[in-house]
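> Sequence and predicted structure, then a few things I'm wondering about:
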Amino acid sequence: MDMWVGLDHILSSSRLSCPLIEPRIFFGERDNFLVFNQKRFYKRSLFSQKIRWSFTEQGLKPRPKHQNPVPKPLKGEQSAVKDQAEMIVDKNFSSGIYHKIEKLVLQGKYHEALELFEILESESMEDNVVDKSTYDALVRACIGLKSISGVKRVLNYMVNCGFEPDQYLSNRLLLMHVKCGMMVDARKLFDDMPERNLVSWNTIIGGIVDSGDYLEAFRLFFIMWDEFSDVGSRTFAMMIRASAGLELISPGRQLHSLALKLDATDDIYVSCALIDMYSKCGSIDDARCVFDEMPEKTTVGWNSIIAGYALHGYSEEAMNMYYDMQDSGVNMDHFTFSIIIRVCTRLASVEHAKQAHAGLVRHGFGLDIVANTALMDFYSKWGRVEDARNVFEKMPQKNVISWNALIAGYGNHGQGVEAVELFERMISEGFVPNHVTFLAVLSACSYSGLSDRGWEIFESMNRVYKVKPRAMHYACMVELLGREGLLDEAFALIRDAPFEPTLNMWAALLTACRVHKNFVLGRFAAEKLYGMEPEKLSNYVVLLNIYNCSGKFQEAASVIQTLKKKGLRMLPACTWIDIKKQPYVFFSGDKCHAQTDQIYEKLEKMMQEISKQGYVPDGKSFLADVDEEEEELQLCHSEKLAISFGLINTVDSTPLHLVQSHRICYDCHNAIKLMALVAKREIVVRDASRFHRFKDGTCSCGDYW
């Protein structure tokens, strides 16, 4: 039972005063600890006031008055008696602190435990012999707080006291260093250990894998294997993770075979590590085999295989696995919904995303930061910025990633003013912007033509926020200048950049040259891109369009010859649209659908309607990323067919969401603006360049893409 002592009457004595101590202080349940000065004051009070106390299990109590007085010791004996009494008080006081530290740690009050540890640090090392259970509690507190200073304090105190940890505590100290990210000190501690068991090896190898030094992890594993031929499943799981980190399937397969021989594959952690490894190494079929052979399919196992399918772009398979997981009755967690929402983003499936959102709330993860940020990202990317804002405002806690997602969402849909306002609110609420934040807000300024505000933010990055601009930020500023038609200034920015210009910087300049038909500079930018990406067809096609639009047909012919020599040919353009949770794909001139007649009939009517609004087919318009064969099918490009299909199969006022495999052409861009106006629909198109939100005869890109 705990022993606590009330000190009220001692502190209220007129002869004793201490400005550092409150009028009422209790060493007990009402206070977590007693500071060093209070302890000293407590001991002085016992003797200077000549108050006799006796320790009992319930605390210190004054001697009853009816007892006979104890004879006073002789003068020579007084010092010895006093020293012995102080030693008893010290011992019991320290024992109380040890017990209190352990109790605080057990309650998860790690800060209070380390603060109470200061009393022991302030006392003489020789007077305080801390036992193993107290050190173990202090280790747990340091791990819980990830406190590097706490780690150093505990280890220094142990060394100065001359305490020799046993095997268990040595492993705990090693784990403490690993968990707090002190890998250099952890490695030294490991190398100096007189004895090392499997726990020691697993701890240091696990820390090395977590730190990303996968080759060193394998080196230690081979040394460990020579010493312990019978390693556990935890070791296999760690080394399989190392194989995944290296993206090397060969060592992963060997570890898989070894785990099979030692009957370790039934372990859930080994199975999940294998699924993750095969997925990251490009063998999703092997990952599926491991999943199918799992004796018990847990939430982590389902999440791993769904994430594997999503990683390789098998979005439909990922959705099917998600529904199988629902049918299996396995509990879903916030990672499940985060993965599925990202899959919905790729599929442009609003209906699936709505269901995932409902499931997120229904399963109790409605306030999870990770899942809600993924949901915001989805809504933002598919034209539902208001829904994204609603999710954002309802989040009880936000992090920088949450702010970045919504700022980027506003920027992608041409709402640069709202993006800048949100950025300023983020700063005012005490969040520190990172390089992703600046990329989002600068892109928003670029997309919306906010030139002055964009330059202010760009110049404040390093000066105010100490964030050094990267190449991606320079690319935003090149695009901003290019949108304004300041091509010479954009080229000067690239030339004077403090690093080698990147692909994105030259691509931004090439886009500006295409829009403003600057033949000379566009050719120069295209040649730079050729040298950096000689096999990327889109660079050649953009230049081809510059030549054609500028009447440079001889130069255009030379580009076509170059393409033929290199054997480069763009795949046919196609467009996806999601209707009632079912994806449909259209190619230019497509006549393979069951509703082909209705689609073309609806399209012809729409073309007549938009002609009344001033639409004239652009005879010079090529698709920005396809060849001239597509030109022959201009009036029935895949985007137009998909929109016609969507208008037939959805109710009035329902937004249409499309994904285009290539950059949308000028003719389709102009036509869709008027289609949105005539049909009174919102049409969102995600092409190879950016998002286009068509509404009321305008596009969010400002006709610059």
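Received the coordinates, thanks.

> Ala388 against Thr373, yeah?
No - look at Ala388 against Thr373 with CB atoms under 8 Å: they stay out of range, at 10.0 Å. (C-beta placed from N, C-alpha, C; glycine too.)

> okay, and the common contacts of those two?
By CB atoms under 8 Å, 6 or more residues apart in numbering, Ala388 and Thr373 have these common neighbours: Ala405.

> Return the set of buried residues in stretch 582-602.
The neighbour-count check on stretch 582-602 (16 or more other CB atoms under 10 Å) flags Tyr584, Phe586, Phe587, Ser588, Asp590, Ile599, Tyr600, Lys602 as buried.

> and these, which of them are in helices?
Secondary structure from DSSP state H places Ile599, Tyr600, Lys602 of the buried residues of stretch 582-602 in helices.

> Following element in sequence after the helix or strand hosting Ile101, please.
Per DSSP states H and E, Ile101 falls inside helix 78-106. Sequence-wise, the next helix or strand downstream of helix 78-106 (DSSP H and E) is helix 110-122.

> what comes up buried for that following helix?
Tyr110, Glu112, Ala113, Leu114, Leu116, Phe117, Ile119, Leu120.

> by contact count, what packs against it?
Other elements packing on helix 110-122 under the criterion 3 or more CB pairs under 8 Å, 6 or more residues apart in numbering; DSSP states H and E are helix 36-48, helix 78-106, helix 132-145, helix 148-161.

> Next, the angle from it to helix 148-161.
Following axes from the mean of the first three to the mean of the last three CA atoms, to 10 degrees, one obtains 30 degrees for the angle between helix 110-122 and helix 148-161.

> Below-threshold pLDDT in the stretch 1-150 of the chain: ranges please.
Across the stretch 1-150 of the chain, residues meeting the criterion (pLDDT under 70) sit at 1-95, 123-128.

> State the pair within the buried residues of stretch 582-602 that is farthest apart.
Phe587 and Lys602 (17.6 Å; CB to CB).

> Could you count how many residues lie near Leu442?
29 (other CB atoms under 10 Å).

> swap in Lys517?
For Lys517, using other CB under 10 Å, the count is 11.

> Model confidence for it, exactly?
What the model reports as pLDDT for Lys517 is 83.

> Which residue is the nearest non-sequential neighbour of it?
Closest residue to Lys517 apart from its sequence neighbours, by CB to CB, 6 or more residues apart in numbering: Ser550 at 5.5 Å.

> Ok, Gly308 next?
Ser279 (3.1 Å).

> just checking, that neighbour touches Ala310?
No - assessed by CB under 8 Å, Ser279 is found out of contact with Ala310, at 9.3 Å.

> which phi and psi does Gln660 have?
When read as degrees, to the nearest 10, the backbone of Gln660 gives phi -110, psi 130.

> swap that for His657, please
When read as degrees, to the nearest 10, the backbone of His657 gives phi -120, psi 120.

> neighbours of it, just the number please.
Neighbours of His657 (other CB under 10 Å): 23.

> is it in a bridge, and if so with what?
With DSSP bridges applied, His657 shows beta-bridge pairing to Val684.

> any idea how far Ala557 is from it?
Applying CB to CB, to the nearest Å, the value for His657 to Ala557 is 39 Å.

> Over to His692?
From His692 to Ala557 the distance is 31 Å (CB to CB).

> between these two, who's got more neighbours?
Of the pair His692 and Ala557, His692 is the one with more neighbours under other CB under 10 Å, namely 27 against 12.

> List the residues that contact the residue lying closest to that one once chain neighbours are set aside.
Of all residues not flanking His692 in the chain, Val685 sits nearest, at 4.4 Å (CB to CB, 6+ apart). Contact analysis of Val685 by CB under 8 Å, 6+ apart lists Glu639, Leu658, Val659, Gln660, Ile664, Ile672, Phe691, His692, Phe694.

> Contacts for stretch 279-290 next, please.
By CB under 8 Å, 6+ apart, the list of residues contacting stretch 279-290 from outside reads 243-244, 247-249, 252, 265, 271, 274-276, 278, 304-305, 307-309, 311-312, 314.

> out of the residues you listed, which are inside strands?
Using DSSP state E to define strands, no part of these is located there.

> Just the buried ones out of those, please.
Neighbour counting over the contacts of stretch 279-290 (16+ other CB under 10 Å) leaves 243-244, 248-249, 252, 265, 271, 274-276, 278, 304-305, 307-309, 311, 314 as the buried ones.

> Can you give me the distance of the residue nearest to Gly308 to Cys272?
Look at Ser279 and Cys272: by CB to CB, they are 11 Å apart.

> Name the residues contacting each of these two.
Ser304.

> Could you point out which residue ranges in the protein have low pLDDT?
Counting by pLDDT under 70, the low-confidence segments of the chain come to 1-95, 123-128, 348, 570, 619-635.

> who's in contact with His435?
Contacts for His435 (CB under 8 Å, 6+ apart) come out as Val467, Arg470, Met472, His473.

> if we can go back for a sec, would you mind putting the ones in helices among the buried residues of stretch 582-602 into JSON lines with distance to His256 alongside?
Formatted as JSON lines, those follow (distance: CB to CB, whole Å):
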{"residue": "Ile599", "distance to His256": "50"}
{"residue": "Tyr600", "distance to His256": "54"}
{"residue": "Lys602", "distance to His256": "54"}
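
> closest to Asn434 among those residues?
Ranked by distance to Asn434 (CB to CB), those are led by Ile599 at 46.5 Å.

> didn't the closest one look like it was pressed against His593?
Yes - with contact defined as CB under 8 Å, Ile599 counts as touching His593 (6.4 Å).

> Please identify every residue contacting each of those two.
In terms of CB under 8 Å, 6+ apart, Ile599 and His593 are both contacted by the residues Phe645.

> Tell me where the protein has strands.
Ranges of strands in the chain, per DSSP E, are 5-6, 26-27, 53-56, 59-62, 574-579, 582-587, 656-660, 683-686, 691-695, 698-699.

> Show me where the stretch 601-705 of the chain has its helices.
Along the stretch 601-705 of the chain, counting by DSSP state H, counting those that start in this stretch, helices occupy 638-649, 666-679.

> How about Ala186, nearest residue that isn't a chain neighbour?
Among residues not flanking Ala186 along the chain, His177 sits closest, at 3.7 Å (CB to CB, 6+ apart).

> how near is that neighbour to Ser147?
His177 sits 12 Å away from Ser147, taking CB to CB as the criterion.

> Pick out whichever of these two has more residues nearby.
Higher neighbour count among His177 and Ser147: His177, with 27 against 18, using other CB under 10 Å.

> Show the contacting residues for the more buried one.
For His177, the contacting residues are Val151, Met183, Asp185, Ala186, Leu189, Gly207, by CB under 8 Å, 6+ apart.

> now those residues in CSV, with neighbour count and distance to Val420?
Listed next are the contacts of His177 as CSV, based on neighbours: other CB atoms under 10 Å; distance: CB to CB, whole Å:
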residue, neighbour count, distance to Val420
Val151, 24, 43
Met183, 17, 41
Asp185, 18, 45
Ala186, 24, 45
Leu189, 19, 50
Gly207, 23, 43
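
> From the residues you listed, pick the one nearest Pro396.
Among the contacts of His177, Val151 lies closest to Pro396 (CB to CB), at 32.1 Å.

> Would you confirm that that closest one contacts Lys179?
No - between Val151 and Lys179 there is no contact under CB under 8 Å: 9.2 Å.

> The residue lying closest to Cys445 once chain neighbours are set aside: how many residues sit nearby?
Using CB to CB, 6+ apart and skipping the chain neighbours, the partner closest in space to Cys445 is Gly454 (3.3 Å). Neighbourhood size, Gly454 [other CB under 10 Å]: 24.

> Relative to His473, how far out is Gly454?
Distance from Gly454 to His473, counting by CB to CB: 10 Å.

> where do the helices sit along the stretch 451-600 of the chain?
Using DSSP H, counting those that start in this stretch, the helices of the stretch 451-600 of the chain run over 451-464, 471-483, 487-495, 503-516, 519-532, 537-549, 553-566, 596-612.
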